[in-house]
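Asks: Sequence plus predicted model, see below.
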Amino acid sequence: MSDAFVELKNLTLSYDNSVAVPALDLAINEGELITLLGPSGCGKTTTMRAIAGLLSPTSGIIHIDGRDVTRVPANKRGIGLVFQSYALFPHLNAFENVAFGLRLQKLPDADIRSRTAEGLETVGLAGFDKRRPSEMSGGQQQRLALARSLVMRPKVLLLDEPLSNLDARLRLEMRTELQRVQKETGVTMVFVTHDQAEALALADRIVLMKAGRIEQLGTPAELYSRPRTAFAADFMGFENIFHTSGDTLVSSFGRLPVGYTAPSALLAWRPDAVTVGTGPHTGTITASSFAGGHREYVLQTPLGPLRADAPIAVAQVPIGQQISFDLPHQNARALAE
Amino acid sequence: MRHLANWSILGLTLLFLIGPFVIIILAGTSAGNNLAFPPEGMSMKWYLKVFTIESFRTSFALSMALAVFGTLAALVMGIPAAYALNRYDLPGAETVRTIVAAPIIVPGIIIGLALLRYMVVPLDVTVTMALFMAHTALVLPYAVRVVSSSMQNLRVDMEEAAVLLGCSRMQAFTKVVLPNIRSGVLAAFILGFVTSFNQVPVSLFLSGPGVRTLPIDMLAYMEITFDPSIAALSALLAFMSLAIVFIAERLLGFSKYV
Ligand SMILES: Nc1ncnc2c1ncn2[C@@H]1O[C@H](COP(=O)(O)OP(=O)(O)OP(=O)(O)O)[C@@H](O)[C@H]1O
Ligand SMILES: [Mg+2]
């Protein structure tokens, strides 16, 4: 028996005979904030629905808080889920939306009132009691959905891309808000996103998924600096990934001898790990854009397009001009096939 | 030129639609003893007489009861049916939809005859029961269709959210689905009520001795007596239907469901 709070063992999830998630193993600690990260269709929502009990697994076991809940119905699991669409009740005002679950528990009226008010307060919606969801902004609706789940004091709170409908500023605000609520309440959270930056910013640990399987699991720092596979590296912003053959880089476009022996079958560079302005190779600039602290170039090279960030101090080179560059091996990340 | 043509078409259409209605109203105000247009003099006596005719009173009560309870029964069956058709990928859902639409397409005469020949006669049900079952069956397709369309934009995840907050599936239905389709259910009720109340062909076959719905009773009355009270009653009924639809439109924006 491990001491994980939520444990998925050999979990297989399918829809009408097509397997969406084959044999998933995952252990989540109490009070942890985990993000499920991965491209569209990789099984993030499917996994969450299984944890919540909305989808029964084809095989495998789900343990929550030391109990096998695999066959426990969704309304008896004590799990909160914030839907991507919020799924608020349009016929009820904000107060009644939040009080909905408490009323089902037949708590005394005074308790319902104080816990609902407290819930609205926590998400910064005090005074919005009488508003219908349709009379609230996207961000307010999202916070209302969060409050509705939080007041139930769930053992685990699942959030399915809850920030994806918000604009950039509000996202940032809500991100901080979520972290604060999580630290305050200590609730175990699973947060689904396909936004790499969001995952890095929020998570204690990131679960990177690909086609229903876990590609890599680790802290944001680990995933960011030490992705193990090309898929993980690509997701973490290593935009230049090349095969190697002895002392030569190989891509579908061509080859480039680099003068050092590659340590692995694949090497990857972030755009800022590519040197531009100096170096033994030359490429033609095909695109150039100003990005605040640096300038982003796309170079046409023997390896195909190469993305490179140049410090603003490097003089701007116009599109169509040649520029020298280097792919230094000390900046490269060695990847498994 | 185009303008003139448009206006005259509109005018003619309105004349054909509203003209008979106006004639009926005026015919009922006649002071004479024969149903005629233009009316012979003016009086309200036929409008008042309608209320004193005993058989109209009983058949009105029957029609009212059939319309109310038949429609309620149709909703009790139609709401779950609409829900199932919307929510689940049922085998044979297309067949159910076609069957449910059939009474809208098939002439009432045929339905009435079929019900008489294959239900009332072999099963030996009472005339009132037969009428009730027939009216329920007639209203059911409207109930399913109207409720269905109000369920269309109701997302499944709302029910799932309710379940995760502790509802059983049944509670999720009564606490989340029903309140959100309330106006559709009301619209279905009104449409069903009006359909049932004005139903002639099916009731014609099923009416028996002493048990008649109001429209059938009016036909029978006209065969014997040809006085303006029929026109007066028709006008009153038309006003009742108009009032119901008008109130419904005001309260619910009824027309978007039909
Ligand atoms: N109701 C369903 N019926 C059949 N297949 C489904 C259903 N829902 C999802 N799938 C399939 O299961 C796989 C995983 O879907 P899932 O919704 O879990 O992806 P996701 O990671 O949440 O993607 P996204 O980021 O787009 O939300 C996909 O291949 C999808 O096509
Ligand atoms: Mg999803």
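Replies: Arrived safely. Ligands and ions are numbered 1, 2, ... in the order given.

Asks: Write out the residues of the stretch 151-300 of chain A neighbouring chain B.
Replies: Proximity of the stretch 151-300 of chain A to chain B (Cβ under 8 Å from any Cβ of the partner chain) is limited to residues A:Met152. From N, CA and C alone the C-beta is placed, and that goes for glycine too.

Asks: Can you name the residue of the stretch 151-300 of chain A nearest chain B?
Replies: With Cβ to the nearest Cβ as the measure, A:Met152 is the residue of the stretch 151-300 of chain A nearest to chain B, at 6.4 Å.

Asks: So that residue versus ligand 1, what's the distance?
Replies: Applying Cβ to the nearest ligand atom, to the nearest Å, the value for A:Met152 to ligand 1 is 23 Å.

Asks: List phi and psi for that residue.
Replies: Summarising the backbone geometry of A:Met152 under the convention degrees, to the nearest 10, its torsions are phi -80, psi 0.

Asks: Tell me how many other residues surround it.
Replies: Here the count is done by other Cβ atoms under 10 Å in any protein chain shown, and A:Met152 has 22 residues near it.

Asks: Quick one: residues contacting A:Gly31.
Replies: With contacts defined as Cβ atoms under 8 Å, 6 or more residues apart in numbering or on different chains, the neighbours of A:Gly31 are A:5, A:186-188.

Asks: top of those by neighbour count?
Replies: Highest neighbour count within the contacts of A:Gly31, by other Cβ under 10 Å: A:Thr188, with 23 neighbours.

Asks: dump the residue contacts of it.
Replies: Taking Cβ under 8 Å, 6+ apart as the definition of contact, the neighbours of A:Thr188 are A:5-6, A:28-33, A:155-157.

Asks: returning to that earlier point: what's the lowest-pLDDT member of the contacts of A:Gly31?
Replies: Of all the contacts of A:Gly31, the model is least confident about A:Gly186, whose pLDDT is 89.

Asks: mind checking how far that residue is from B:Ser55?
Replies: Relative to B:Ser55, A:Gly186 is positioned 77 Å away (Cβ to Cβ, to the nearest Å).

Asks: which regions of chain B lie under the pLDDT threshold?
Replies: B:1, B:252-258 (pLDDT under 70).

Asks: Quick check, central residue of it?
Replies: B:Thr195 (1.5 Å; Cα atoms, centre = their mean).

Asks: helices or strands next to the host helix or strand of that residue in the packing?
Replies: Remark: B:Thr195 resides in helix B:182-197, with elements defined by DSSP states H and E. Under the contact definition 3 or more Cβ pairs under 8 Å, 6 or more residues apart in numbering or on different chains; DSSP states H and E, helix B:182-197 sits against helix B:54-87, helix B:127-151, helix B:229-252.

Asks: re earlier: next up, the contacts around the residue of the stretch 151-300 of chain A closest to chain B.
Replies: For A:Met152, the contacting residues are A:78, A:80, A:101-102, B:165-166, by Cβ under 8 Å, 6+ apart.

Asks: Grab the longest helix from chain A for me.
Replies: In chain A, taking DSSP state H as the definition, the longest helix is helix A:168-185.

Asks: Contacts for that one next, please.
Replies: Helix A:168-185 is contacted by residues A:33, A:122-124, A:138-139, A:142-143, A:146, A:150, A:153, A:159, A:162-163, A:166, A:187, A:189, A:191, A:198, A:201-202 when judged by Cβ under 8 Å, 6+ apart.

Asks: who in the stretch 151-258 of chain B is up against ligand 1?
Replies: Neighbours of ligand 1 within the stretch 151-258 of chain B, by Cβ under 6 Å from any ligand atom: none found.

Asks: typo on my end, the stretch 51-200 of chain A
Replies: A:His194.

Asks: burial measure for the residue of the stretch 51-200 of chain A found nearest chain B, as a count.
Replies: Taking Cβ to the nearest Cβ as the measure, the point where the stretch 51-200 of chain A comes nearest chain B is A:Gly101, at 3.5 Å. When neighbours are counted by other Cβ under 10 Å, A:Gly101 registers 26.

Asks: looking at this, it is in a helix?
Replies: Yes: following the definition DSSP: H, G, I helix; E, B strand; the rest coil, A:Gly101 is counted among the residues of a helix.

Asks: How about it, nearest residue that isn't a chain neighbour?
Replies: Across the structure, with Cβ to Cβ, 6 or more residues apart in numbering or on different chains as the measure, the residue nearest A:Gly101 apart from its sequence neighbours is B:Leu165 (3.5 Å).

Asks: how much space between the one you found and A:Gly78?
Replies: Taking Cβ to Cβ as the measure, B:Leu165 falls 11 Å from A:Gly78.

Asks: Looking at these two, which is more packed in?
Replies: Neighbour count, other Cβ under 10 Å: between B:Leu165 and A:Gly78, B:Leu165 has more, with 28 against 16.

Asks: still on that earlier bit, export the helices and strands packed on helix B:182-197 as TSV, with columns for distance to chain A and mean neighbour count.
Replies: Below are the helices and strands packed on helix B:182-197 laid out as TSV (distance: least, Cβ to the nearest Cβ, whole Å; neighbours: other Cβ atoms under 10 Å in any protein chain shown):
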stretch	distance to chain A	mean neighbour count
helix B:54-87	14	18
helix B:127-151	13	22
helix B:229-252	14	16
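
Asks: Having no further points to raise, I will conclude here.
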